[in-house]
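A.B. asks: Output the structure for:
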Amino acid sequence: MGDNLPYEEYITMCQASKKYKKGKWYVLEATDTKQLLSSLIVYELNLSDDQVVKGIGSIATPLYLRKKGYASLLVKETIG
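C.D. replies: I've put the predicted structure just below:
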């Protein structure tokens, strides 16, 4: 995730992205170390004047932290 950039640089890079500015970004971080565990972005898609749906994209978890349930937890917390 983020070409192994330090957390602060990764966040800065994503916040500057035109793509990411179109959605709301969520991150899951370790409470004690503030280590980034997983991230995702939620987009609102206006299909018509009365129909809005949400889409989840750019789910990312560092390779060495995968298969621990972090992305699943983040999705559940985001949509729950």
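A.B. asks: which residues of this protein score low on pLDDT?
C.D. replies: Counting by pLDDT under 70, the chain has low-confidence residues at 1-3.
A.B. asks: rerun that using 80 as the cut-off
C.D. replies: Scanning the chain for pLDDT under 80 picks out the ranges 1-5, 7, 10-11, 14, 19-20, 80.
A.B. asks: contact partners of the longest strand belonging to it?
C.D. replies: Under DSSP state E, the strand in the chain containing the largest number of residues is strand 36-48. Strand 36-48 has contacts (Cβ atoms under 8 Å, 6 or more residues apart in numbering) with 1, 7, 10, 14, 20, 22-30, 52-62, 65, 70-71, 73-75, 78. C-betas here are computed from N, CA, C, even on glycine.
A.B. asks: where do the helices sit along this structure?
C.D. replies: Assigned by DSSP state H, the chain shows helices spanning 7-16, 18-21, 70-79.
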